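A.B. asks: sequence first, then the predicted structure, then my questions.
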Amino acid sequence: MLSNRIVPSSRRARARCTAAAAALVVIAPARARAADPPAAQALFNEAKRDANEGRWAAACPKLEESQRLDPGIGTEFHLARCYEHVGRTASAWAAYLDAAASAHLQGQLAREKVARDHAAALEPSLSRLLIAVRSSAPSLRVQRDGVDVGRGQWGTAVPLDPGEHRVSAAAPGRRAWERSFRVEGDAKTVTIDVPELAFEQPEGAPPAIARPAPPSRGAVPAIGPDPSLDVAARDANQGEHRGRGQRIAGVVLGTLGAAGLGIGAYYGLASKSKHDDATAHCDPTGHRCDATGAAERHDAVVFGTASTIGFAAGGAAVLGGIILWATAPSDRAVAASKAGHGGGVSGNARPPRARLDVTTVFGAPGLALRGTW
């Protein structure tokens, strides 16, 4: 049950208040008084009726307004009790300590002890919030529930009422960040990490595009077989088996080469995607990136290298498969060889010959396949 508002009426109490006035000017900011004691008293009486009937949620706003209109130790103490009943433990703890400090300045030691005892009983159950700021952005502004959080609070666990809360961060030239979370009344500490803020893309500026590294010049993929290939069949039966086996090998090698080209295409697209993702984490010039942007760029380079290897190996394998297929002895040549010389090579049926030369095509190095089939 709420008692009457505490108004020191004795001369001794007034003398103590007068003696403490000088200290209040120095050690505490002056409280703005609205100079409306009648309204404050009416609100206090109404809040008292609400509290006596268990309507604490309705009593708290009236006590807050009464304290604003005409601050008093009694109102502050009962406001703390109201906060405690509605579950606002951090607010109740702070209000009890404020009431204790006011009672101490007015020499009301008994009331000071009661308020401090209530605060001490609440303290073990307080939930706390620790805001860890990782961002190094200049002029960074961090807010909790729309109220600025000074740098002195960064990295310090402070009591917080249970319920829904929101932490936000903003800085010039950076994208705003915010996170909503819930604090339970379980005496635990909730840690919120404020990350490095991404750079904001200037309005109307084209997105930064990472330029791929120029391809190395003069590199010629290995093709495996000797450029000068002589696949003349000395024996018709051996030539028939060799031709079939060589064509099968060409198909297998060509299939593996196609797979290599597919892998190269996949990693090429992945590299392009990583480059695009890194753009959102880098400044417009592309020279400065946050940790996420740097990681995306690194992945883009790795995928680009894998794509180059895939294309080179796949292209060489496809080329090798074509050569094996093209230079394999044909069934027609083998048949003619059998008919003309009883298993030897016919003078009219010339065995297929092929030769791979390194040449210049339009001023650039290239490969040329020459032969007869």
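C.D. replies: Great, that's in hand.

A.B. asks: quick check: domain ranges of this protein?
C.D. replies: 11-123, 128-194, 228-372 (automatic domain parsing).

A.B. asks: turn those domains into CSV, columns for distance to Glu200, mean neighbour count and mean pLDDT.
C.D. replies: For every residue, glycine as well, the C-beta is placed using N, CA and C. Shown next, in CSV, are those (distance: least, C-beta to C-beta, whole Å; neighbours: other C-beta atoms under 10 Å; pLDDT from 0 to 100):
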stretch, distance to Glu200, mean neighbour count, mean pLDDT
domain 11-123, 35, 17, 83
domain 128-194, 5, 14, 93
domain 228-372, 9, 16, 72
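
A.B. asks: quick one: which of those is nearest Pro202?
C.D. replies: Across the domains of the chain, Pro202 has its closest neighbour in domain 228-372 (5.9 Å, C-beta to C-beta).

A.B. asks: what about the strands in the stretch 251-373 of the chain?
C.D. replies: Ranges of strands in the stretch 251-373 of the chain, per DSSP state E, counting those that start in this stretch, are 353-361, 364-372.

A.B. asks: which non-adjacent residue is nearest Trp93?
C.D. replies: Residue nearest to Trp93 in three dimensions, not counting chain neighbours: Leu122, with 4.6 Å by C-beta to C-beta, 6 or more residues apart in numbering.

A.B. asks: same check, this time on Trp177
C.D. replies: Here the residue nearest Trp177, using C-beta to C-beta, 6+ apart, is Ala169, at 4.8 Å.

A.B. asks: quick one, phi psi at Gly163?
C.D. replies: phi 130, psi -170 (degrees, to the nearest 10).

A.B. asks: so it sits against Glu184, correct?
C.D. replies: No: if you go by C-beta atoms under 8 Å, Gly163 and Glu184 don't touch, sitting 9.0 Å apart.

A.B. asks: tell me the secondary structure for the residue nearest to Trp93?
C.D. replies: helix (DSSP: H, G, I helix; E, B strand; the rest coil).

A.B. asks: isn't it right up against Gly87?
C.D. replies: No: contact criterion C-beta under 8 Å: Leu122 and Gly87 do not qualify, at 11.4 Å.

A.B. asks: can you tell me how far His281 sits from Lys272?
C.D. replies: Distance, His281 to Lys272, using C-beta to C-beta, to the nearest Å: 16 Å.

A.B. asks: check which helices and strands the longest helix along the chain is in contact with.
C.D. replies: Secondary structure of the chain per DSSP state H: the longest helix is helix 236-279. Other helices and strands packing on helix 236-279, by 3 or more C-beta pairs under 8 Å, 6 or more residues apart in numbering; DSSP states H and E, are helix 291-327, helix 331-341.
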